[in-house]
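>>> next one to model:
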Amino acid sequence: MILANVTFGSLRGKSREELEDAVEGYLASLFKGGQISKQFFLTLTKGKVNAHVMLAAPEAMELKFHTAWGRENLAEVVSLFGRDPVWKILDDDAVKTSSIWRGAPFLYLFTHAFSWCSPVCCGDGKYSVPLFTLPVSDQIKENLCGWQGSYREHDNIWLESGALEIPAYRQLADPNSKLSEKGRGLCREIEIGTGIPTFYYLMRFWGRPKGEDKRVCPGCGGAWRTSVLGVEKNFPEFHFRCDSCRLVSHFGVRLSGRHARIGEFLTRQPG
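Residues are numbered from 1 along each chain as shown. Reported below is the predicted structural model:
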């Protein structure tokens with residue numbers, strides 16, 4: 001993410017509340033299009049409405065990447081302020097252009113409680129893929145943002161280790177949970193759009209004291225152990241991968257015979 005400032009303009013005799021409502025609507029549409037982070041800050045500086053935002057990539061604010069909703073909201077903003085927003089990147093080390101997804105060996109969907117980056121990642125581990133660059137519909141981009149928000153909330157609940165710890169973890173670790181099913185469906189949409197195999201990452205915190213490396217795919221019951229050995233050097237070196245189910249995962253971090261069953265393959269679905 002790249003810190004940027006966007007200046008919208010002076011109040012022009014209008015109420016600050018009216019103008020900020022329009023700005024917030026516009027920035028919300030940019031978030032749903034995968035162009036900026038959900039977090040932004042509005043200020044009135046020297047009589048002009050400004051916002052500090054986190055861009056997904058240096059070119060994220062360009063009109064060609066706006067969704068249909070973004071264009072509508074932008075037209076309202078321009079009408080109210082009488083000018084186009086002026087963008088300025090504040091990060092001196094920002095790259096000139098974003099990395100692209102073309103040529104990636106595979107893609108995978110993953111996020112966590114503290115991530116504001118795109119949840120679509122390249123299989124070589126070099127970068128995440130800005131959602132606005134993906135050849136999918138505006139609705140799919142918005143759905144990806146929604147899925148990421150839901151995943152982050154479940155991850156936060158699990159980390160708090162309260163009464164909902166296990167139900168939250170089940171949503172993260174079970175390939176058949178509602179959260180996982182939604183994510184796997186989005187993976188299929190990304191794969192259709194890009195033509196690149198797209199996997200869903202399954203969290204695996206609790207592992208078996210014995211036989212963890214012999215676990216079968218939780219989706220189909222087939223073999224999915226990869227050739228990766230020892231401690232992973234970087235995140236994408238997955239210990240488990242099923243090309244058929246489009247699932248990837250790692251060894252469990254904490255040994256627990258009781259909780260290790262969560263997310264594992266069931267030979268017979270409960271009744």
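>>> tell me the SS of residue 39?
coil (DSSP: H, G, I helix; E, B strand; the rest coil).
>>> test my guess that it contacts residue 116.
Yes - using C-beta atoms under 8 Å, residue 39 is in contact with residue 116, at 6.9 Å. (Each C-beta comes from the backbone N, C-alpha and C, glycine too.)
>>> between these two, which one's more packed in?
residue 116 (14 against 11; other C-beta atoms under 10 Å).
>>> confirm that residue 12 sits in a helix.
No - the assignment for residue 12, made by three-state DSSP, is coil rather than a helix.
>>> report the contact partners of the residue nearest to residue 170 when sequence neighbours are not counted.
Take residue 170 and drop its neighbours on the chain: the residue closest to it by C-beta to C-beta, 6 or more residues apart in numbering is residue 262, 5.5 Å away. Counting by C-beta atoms under 8 Å, 6 or more residues apart in numbering, residue 262 touches 166, 169-170, 173-174, 206.
>>> pick the one among those residues closest to residue 133.
Taking C-beta to C-beta as the measure, residue 133 sits nearest to residue 173 out of the contacts of residue 262, at 29.6 Å.
>>> now do that closest one against residue 40, distance only.
To residue 40, residue 173 is 32 Å away according to C-beta to C-beta, to the nearest Å.
>>> the more surrounded of these two?
Counted by other C-beta under 10 Å, residue 173 and residue 40 do not tie: residue 173 has more neighbours, with 24 against 18.
>>> for the nearest residue to that one once chain neighbours are set aside, helix, strand, or coil?
Spatial nearest neighbour of residue 173, excluding adjacent residues (C-beta to C-beta, 6+ apart): residue 263 at 3.6 Å. The three-state assignment at residue 263 reads coil, by three-state DSSP.
>>> count of neighbours near residue 263?
Using other C-beta under 10 Å, residue 263 has 24 neighbouring residues.
>>> per-residue pLDDT of it, please?
pLDDT recorded at residue 263 is 92.
>>> show me the contacts for it.
Residue 263 is in contact with 170, 173-175, 202-204, 218, counting by C-beta under 8 Å, 6+ apart.
>>> one more pass at 10 Å, please.
Contacts for residue 263 (C-beta atoms under 10 Å, 6 or more residues apart in numbering) come out as 169-170, 172-177, 180, 202-206, 215, 218, 249, 252.
>>> in ChimeraX, how would I select just the buried ones from these?
Selection of buried members from the contacts of residue 263 for ChimeraX, criterion 16 or more other C-beta atoms under 10 Å:
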select :169,170,172,173,174,175,177,180,202,203,204,205,206,215,218,249,252
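>>> mind listing which of the contacts of residue 263 are in strands?
Per DSSP state E, strands hold the following members of those: 206, 249.
>>> tell me which residues in stretch 139-153 are buried?
Buried residues in stretch 139-153 (16+ other C-beta under 10 Å): 140-145, 147-148, 150-152.
>>> now those in CSV, please, with extra columns for secondary structure, pLDDT and distance to residue 211.
Below are the buried residues of stretch 139-153 laid out as CSV (DSSP: H, G, I helix; E, B strand; the rest coil; pLDDT from 0 to 100; distance: C-beta to C-beta, whole Å):
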residue, secondary structure, pLDDT, distance to residue 211
140, helix, 97, 38
141, helix, 96, 41
142, helix, 95, 41
143, helix, 97, 37
144, helix, 97, 35
145, helix, 95, 38
147, helix, 97, 32
148, helix, 96, 33
150, helix, 96, 32
151, helix, 97, 28
152, helix, 95, 32
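>>> quick one: contacts for the closest residue to residue 256 other than its chain neighbours?
Nearest non-adjacent residue to residue 256, counting by C-beta to C-beta, 6+ apart: residue 206, 4.2 Å away. By C-beta under 10 Å, 6+ apart, residue 206 lies in contact with 169, 173, 212, 252-263.
>>> and for residue 124, the neighbour number?
Residues near residue 124, counting by other C-beta under 10 Å: 12.
>>> same thing with residue 266?
Neighbours of residue 266 under the rule other C-beta under 10 Å: 11.
>>> hmm, it is touching residue 217, no?
No - using C-beta atoms under 10 Å, residue 266 is not in contact with residue 217; the gap is 11.9 Å.
>>> next one: phi and psi at residue 198?
phi -130, psi 120 (degrees, to the nearest 10).
>>> just checking, which helix or strand of the protein averages the lowest pLDDT?
Taking mean pLDDT, DSSP states H and E as the measure, the chain has strand 254-255 as its least confident helix or strand, at a mean of 84.
>>> this completes my enquiry, with thanks.
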